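[1] Below is the sequence, then the predicted model.
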Amino acid sequence: MTAPAPRRDPLRRVLPLLEVSPARALAAVGLGSLALGSALALAAVSAWLIARASQMPPVLSLSVATVGVRAFGIGRGLFRYLERLASHEVALRGVASLRTNLYRVLAAGRLDAVAGLRRGDLLARTGQDADTVGDVVVRALVPAGVAVVLSLGAVITVGAFLPSAALVLTLCLLVAGVVSPWLTARATRASEAATVDARARVTDAALTLLEDSALLQVTGALDDERARLRAADREMSAARDRTAAPLAVAAAIADVAVGVALLGALVLGIPAVGAGMLAPVELAVVALVPLAAFEATSLLPAAAVQLHRSRAAAGRIAALLDACDPDGSVSAHVLATPPTADAPTHATVPDAPRVAAAGIACAWPGRAPVVEGLDLDITPGRVVALVGPSGIGKTTALLTLGGLLEPAAGTVTSPAGSSIVTAEDAHIFATSVLENLRVARGTVTEAEAAETLRLLGLGTWLDALPDGLGTLLGPGGATVSGGERRRLLLARAVLADAPILLVDEPAEHVEPGAADALVAEVLPRLAAAGRGIVVATHRLTPLDAVDEVVVLALPPAVPGASSATSDGLRPAARVVARGSHAFLLEHLPAYRTAWDLERAEAR
Amino acid sequence: MKPLDPRLLAHARDARGHVLVTAAAGVATAGLVVAQALLLAAILAPAITHDRPLAEARGLLGWLAGVIVVRMLVVGLQERYAHRAATRVVADLRGQVVDAALARGPRWLAGGDGPAVATLATRGLDDLEPYFVRYLPQLLLAATLTPATLAVVWWHEWVSGAIILATIPLVPIFMWLVGVMTQGVSERRLTSMQRLGAQTLDLLAGLPTLRALGREHGPAARVRALGDAHRRATMGTLRIAFLSGMVLELLTTLCVALVAVTIGMRLVHGNLDLQTGLAVLVLAPEVFLPLRQVGLHFHASTDGLAAAEAAFDVIEHPDATPRPRGTVTLPAADAAPRVEVRLDGLSVVAEGRGRTAPADLTLVARPGEVTALVGPNGSGKSTAVLALLGLVAPDAGGVSVVVDGAEHDLADVDLTSWHALVTWVPQRATLAPATVLAAVRGVRTTTGAPTATELDAARATGLDGVVTTLPGGWDSPVGQGGTGLSLGQRQRVHLTRALVTARPVVVLDEPTAHLDALSEEQVLAAVEALRAQGRTVLVVAHRASLVAAADAVVEVTARDDAPAAVAGRADA
């Protein structure tokens, strides 16, 4: 691995994926400027109106100003409404584009990075984090644009009457609009960094107390844990308190900037009137405009904080992109083509489908192999079981056989389209049963779907569903038990065209009988129908029905020495025995013992 | 929902001081705003009408500078200290919520409300901070600055005062009207918006699955279409939701404009002097500013108050009072190596399920024997264990322990002294954050290498095999925030602890449920070793192998109660 080069701003990397239309963004800034510009104009015109009126001119000469004041009074609310709609529209379009583009990068990027993603992480990146990146438009970019336009407007207005006052106003606007937001963002970052550890300890202590109260009470640790929660909370408050001073300074200088601008206008304006450089009526404008000019900059400290938050979210998204698309070529391609231009995936069945592994080592990218020296050859009609205790590396081996992970050593020979992997945690989509099966192949007919479900022993389940194949699954829909879920996922794999199925058998949440029935009854049926199958399992009882059993185990520990390797990782598992179920029962005592124990349970 | 929940002040002492200080700061701010406006008008008016030189205004300018500095100090101090009360109140309430939840007992925590309380105690209460720091000060400003400025305006120029006074009630009326007119629509749209959002995320969550099936490319267009539909639905909601904001802005700004025009007309006709006019013009927007800010931070208020409400629901629940402690102190483990446990007709009613589980459970667990509790799921085996540990009060029957030849009803016993005699390996074995070795020794921190006894115990339970796979060996951190151990591995840690800590009573809840067959032997060996040490071993057992190893097997049964059933003894 090369040392990471100084990374460019992740927000700059992710923002192009939002595909923000410049015209729409400018429109939002324009409307926002009109809204706050109305407020500014209201202040300027009403100051002029009152100062002029005090000179008791003919009423008619004030009519334009009175109409203007009323119009600006209405304009502010109206334009603000339109600006909020426009900026939210930009943000929502951006988030929708970001999600689509993220999806497409993940769909086209490195397979192993996607296979290794946890559902929770994927949801957090594409859900909350994408929204946070989108917020940067509404809460940071548009307010910043408006502040620039409005500040320029105020400076030009004042400058037209009294350039020196405009200079003071400019300096004060820079303090309130640049220095104060910068300080605020910096202090917020410092505060978050200072509290992150204490916050984690608070969460940890609270969760430990609530989840393990009984155990803590019995082991006498309950009061200790309570004290730990209180201490962590105190620590968090103290850390917050230490970082509050810069925030206070930031707020105070923004406030004082308004006052200084006002004082400056008075101190410079009054002598200018005396010197005849400024009309008395104009003095009112020069003195009162600054009060309205700071409304736009007052939003900028929050905008700076939002920028920081969005950048952090963009950093997490960028990390995901880096894993899937290290050189950025996929992102570039995705941005260059609309989503509909993607070629539809054709799963063509090869003439001689097989999965042949020769001496492969199986590993997650960048990690040590968990399985080594695995040979396997599957052709249609054969059922092979991969057995070993939980955590030995069966899933990693299946993903490698299926081509979703690169083998760390050895070769996997498998014509494209030969095999598919059914992961133990594969996703059931929140849609109908039929659509969940069509995920495998869009052309699945209702008859095919029903037939396959019956083949897999889901006939009774299907008959009991309220809307049959149209029944919705997932949250808010019908619930699916662990065993039914496994069979449904397998049905999906069966309906796909690939002849060889790599099945990760349930380890948890399924009662042993249901798991056994799947292997013992369903898999031979599929083999008879011309499918080749590798099933990873830790149940030995049903293995009578498979052609070959491959037993994975850790190498025996050397007595007296730690079996951990020098890098602190566990050694890779190897094939310790293989053969038919009957052969292993006869020749592998540990296998026999384990099988006996399982059978004892069943009684 | 009230804007300031009085219970917040009752439960959180720090909140009271904060409210007082913030109110004082609000009064000070009101005074400063009024002073600034009056000073500004007093400086400006003579300069405009009489062309007075700067020198004459020097004194007033000094006062204005003073006001500006004091305002800066008030703002800075408020920002500096406002969060203190907030963090203290949050910490205080967090402690109270956790204590109240603990008092409800382990069965309630494991039930449906448990995760919600965990969320509330960890993240939910943090919503109170913006409420205290942002919303409450604005609310108090609305209560001080708005009437103060209005009074000053009225006193200077009653016509403008009347215009403002007439506008203020229009604000809530119009906002309420907008709310009523749009409520049904926005609720409908909100539902469709949430559904579309969920569908998009569902599709994204399924991406690894689609990729495994080689079907990942088609749905990109669908993600786009769902995103667009979601955007349209959201914009529909926002068009309505932003209306109330627009009404607020429109009314307040238009009112200020009307005030300006009115002042102008009165000036033209000589009914008003310029200084008064300027003062009123500057003050008019200040009347509405706090109202606008309250609207801006409205979400902070609803989220914060919802969190507070949820906290009070937990804290004020009648079941949240700790049970009285027993008075009998049992002897320590080294003085009482042999302890007998007796359950006599133990029955516990499962709340809300019309079921008694266990029902009439009677057993005697003797030292040097393994007693197995068997029965189908839901028959009350784990509840029986909780009752035996004194963590659940029996509804009928009782639990007693025989120590040193003396029998004590567990209800009279100080639970701390009873727990000092027991090692419990729960079904859902969790580990507090510590190293493996500390967890085995049952302490938080420890030093040194494992002793020979500990190594033997680890070998017996198979923990040694687990330790070799951990990067830091015996010093590896485990528990929350540490290395993830599987449930079976965590149970081995607890089992090892049971072997090495010399407690006379050992309770194992389904010790083999999460192990695969190849390692079950080790658990059986450990149980065997515990029996050989003369301990009183109670196991909740599913598996036949464990049942076969027991000296006594007790069937636990549940009873479905008829609605009018009385908890009493039935025929066993």
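    On my side now, so go ahead. Bear in mind the structure is a predicted one, so any value in this text is a computation, not a measurement.
[2] list the contacts for residue B:397?
    By Cβ atoms under 8 Å, 6 or more residues apart in numbering or on different chains, the residues touching residue B:397 are B:343, B:344, B:345, B:346, B:347, B:360, B:361, B:362, B:569. C-beta: built from backbone N, CA, C; applies to glycine.
[3] and the fourth one, that one's in a helix?
    If I follow you right, that is residue B:346. No. With DSSP: H, G, I helix; E, B strand; the rest coil as the criterion, residue B:346 is assigned strand and is not in a helix.
[4] could you pull out the helices for the stretch 251-400 of chain B?
    With DSSP state H, counting those that start in this stretch as the criterion, the stretch 251-400 of chain B has helices at B:274-296, B:298-315, B:381-388.
[5] of those helices, which approaches residue A:386 most closely?
    When the helices of the stretch 251-400 of chain B are ranked by proximity to residue A:386, the top entry is helix B:381-388, at 34.6 Å, counting by Cβ to Cβ.
[6] So for the closest one, what gets flagged as buried?
    Residues B:381, B:382, B:383, B:384, B:385, B:386, B:387, B:388 are the ones in helix B:381-388 that count as buried (16 or more other Cβ atoms under 10 Å in any protein chain shown).
[7] any low-confidence regions in the stretch 451-572 of chain B?
    Counting by pLDDT under 70, the low-confidence segments of the stretch 451-572 of chain B come to B:479-484, B:486-487, B:511-520, B:543, B:562-572.
[8] hmm, try it at 50
    B:481, B:517-518, B:563-572 (pLDDT under 50).
[9] Tell me which of the helices of the stretch 251-400 of chain B sits most buried.
    Relative to the other members of the helices of the stretch 251-400 of chain B, helix B:381-388 carries the highest mean neighbour count by mean count of other Cβ atoms under 10 Å in any protein chain shown, namely a mean of 25.
[10] And the residue of the stretch 351-500 of chain A closest to chain B?
    Evaluated by Cβ to the nearest Cβ, the stretch 351-500 of chain A has residue A:427 as its residue closest to chain B, separated by 3.7 Å.
[11] A helix includes that residue, no?
    No. When three-state DSSP is applied, residue A:427 is found to be coil, with no helix at that position.
[12] which residues touch the most centrally placed residue in chain B?
    With distances taken as Cα atoms, centre = their mean, residue B:120 lies nearest the centre of chain B, 1.6 Å away. Neighbour list for residue B:120: B:97, B:307, B:310, B:311, B:314 [criterion: Cβ under 8 Å, 6+ apart].
[13] now, the most widely separated pair of these?
    Spatially, the most separated pair among those is B:307 and B:314, at 11.2 Å (Cβ to Cβ).
[14] circling back to that earlier point, backbone dihedrals for the residue lying closest to the residue of the stretch 351-500 of chain A closest to chain B once chain neighbours are set aside, please?
    Nearest residue to residue A:427 in three dimensions, chain neighbours excluded: residue B:206, at 3.7 Å (Cβ to Cβ, 6 or more residues apart in numbering or on different chains). The main-chain torsion angles of residue B:206 are listed as degrees, to the nearest 10 and equal phi -90, psi 0.
[15] how far away is residue B:206 from residue B:434?
    Applying Cβ to Cβ, to the nearest Å, the value for residue B:206 to residue B:434 is 38 Å.
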